[in-house]
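Q: I need the structure of the sequence given here:
(one chain, ligands or ions: 1)
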Amino acid sequence: MNSIRQPPTSPRADASPWGRSNRATFLARLWVGILAAAAATLRAAVAEPAAGTASSDAGKGRKNSKAKRWDVITIGNLSRNRYWGETDAKGVRSAICTCTVIQGEGFRLIVDPSLSNADEMAKELDRRTGLRPRDITAAFITHEHGDHWFGLAHFSEAKWLAAPDVAAALNKTNKLSKPVEAATGRLFDAIDVLPTPGHTLSHHSLRFDCDGTSVVVAGDAVATRDFWRERRGYYNCVDFELSAKTMDRIARLADVVVPGHDNYFLNLK
Ligand SMILES: [Zn+2]
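A: As a prediction, this is how the structure comes out:
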């Protein structure tokens, strides 16, 4: 009789929680499991998450973005701030909007150029990026309120961009030396133009990935961090309910929010 064909008779093997396995088989299975788990972890780490979806890292953004860096040029402020105990009824200081530069493969984009004085705008741009106004290749305006394009004229060599209805409103002012071009979809294969209605109906923000972080340059879709916390529109908001929904949508997309009149902040929830 060939003893090799005998079924296992060890009571210890039969009594084991792994059925008829012996210790060697169990260890082999354990290793297969460990290796499979390690391979899955590796695959998850290598896979690029889709924009706006959670990845194994904290950030929602892609790592291989063509946007390589971004800098806030001017940190904005409001003309009146209810969270500082000021009434909405009247302005108590000049508003300055938050102005951002996004740089990447083949583009240097300024968003909402904020300062009407050419020397001051150039000085802030230099102080924060080392760039001169003529180094900027494009400007994007989130909406037609004057404080978001006070400084556009200083970037005359750049392409001027805005969402179609915003571009139309700006071009109607007859205050610009050349037309603002309608922009939709994706800019420079790196930056999404997002409809973010509420503050104005045609308001648009920008979203891009940088170093695995999803950044939304919100413009006045988000006034300041305090307004964001309460999902509240600024006093001159056209549709407060829509504005709150837009902020919820931004919250699902962004790791970092650059508001229209405040420093940038992390979206931690
Ligand atoms: Zn505004």
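
Q: Could you grab the helix/strand/coil label for Gly198?
A: Three-state call for Gly198 (DSSP: H, G, I helix; E, B strand; the rest coil): coil.

Q: Quick check: closest non-adjacent residue to the closest residue to the ion within the stretch 151-269 of the chain.
A: For the stretch 151-269 of the chain and the ion, the shortest gap (Cβ to the ion) falls at Asp220, measuring 3.7 Å. All C-beta spots, glycine's among them, are computed from the backbone N, C-alpha and C. Spatial nearest neighbour of Asp220, chain neighbours left out: Gly260 (3.8 Å); criterion: Cβ to Cβ, 6 or more residues apart in numbering.

Q: Give me every residue in the protein lying close to the ion.
A: Neighbours of the ion within the chain, by Cβ under 5 Å from the ion: His145, Asp220.

Q: for the chain, which spans come out with low pLDDT?
A: Where the chain drops to pLDDT under 70, the residues are 1-58.

Q: Now do the contacts for the residue of the stretch 151-269 of the chain closest to the ion.
A: Under the criterion of Cβ atoms under 8 Å, 6 or more residues apart in numbering, the neighbours of Asp220 are Cys97, Thr142, His143, His145, His148, His199, Thr200, His203, Tyr234, Gly260, His261.

Q: what are the ranges of the helices in the chain?
A: Here the chain has its helices, by DSSP state H, at 11-15, 23-46, 118-129, 164-172, 225-229, 240-253.

Q: Would you mark the buried spots in the third one?
A: So that's helix 118-129. Met121, Ala122, Glu124, Leu125, Thr129 (16 or more other Cβ atoms under 10 Å).

Q: one step back: please render the contacts of Asp220 as a markdown table that adds distance to Asn174 to the earlier fields.
A: Listed next are the contacts of Asp220 as a markdown table, based on distance: Cβ to Cβ, whole Å:
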| residue | distance to Asn174 |
| --- | --- |
| Cys97 | 22 |
| Thr142 | 21 |
| His143 | 18 |
| His145 | 17 |
| His148 | 18 |
| His199 | 24 |
| Thr200 | 20 |
| His203 | 22 |
| Tyr234 | 27 |
| Gly260 | 25 |
| His261 | 27 |
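
Q: And these, which two are furthest apart?
A: Distance extremes for these: the farthest pair is Thr200 and His261 at 14.7 Å, using Cβ to Cβ.

Q: ok, the residue nearest to Asp220 - contacts?
A: 76, 97-98, 112, 142, 148, 199, 218-224.

Q: Next one: Asp119 from Ala167, what distance?
A: As judged by Cβ to Cβ, to the nearest Å, Asp119 and Ala167 stand 28 Å apart.

Q: hmm, I was thinking of Arg134
A: Distance from Arg134 to Ala167, counting by Cβ to Cβ: 23 Å.

Q: Give me the phi and psi for the closest residue to Ser94 other than its chain neighbours.
A: In this structure, Ser94 finds its nearest non-sequential neighbour in Ser79, 6.6 Å apart by Cβ to Cβ, 6+ apart. Per-residue torsions, Ser79: phi -80, psi -20 (degrees, to the nearest 10).

Q: tally of neighbours for Ser79?
A: Neighbour count for Ser79, taken as other Cβ atoms under 10 Å: 17.

Q: Tell me if I'm right that it and Ile96 touch.
A: No - using Cβ atoms under 8 Å, Ser79 is not in contact with Ile96; the gap is 9.3 Å.

Q: Do a quick rundown of the strands in the chain.
A: Along the chain, counting by DSSP state E, strands occupy 67-74, 99-104, 107-111, 138-141, 159-162, 181-182, 186-187, 191-195, 204-210, 213-219, 256-259, 265-266.
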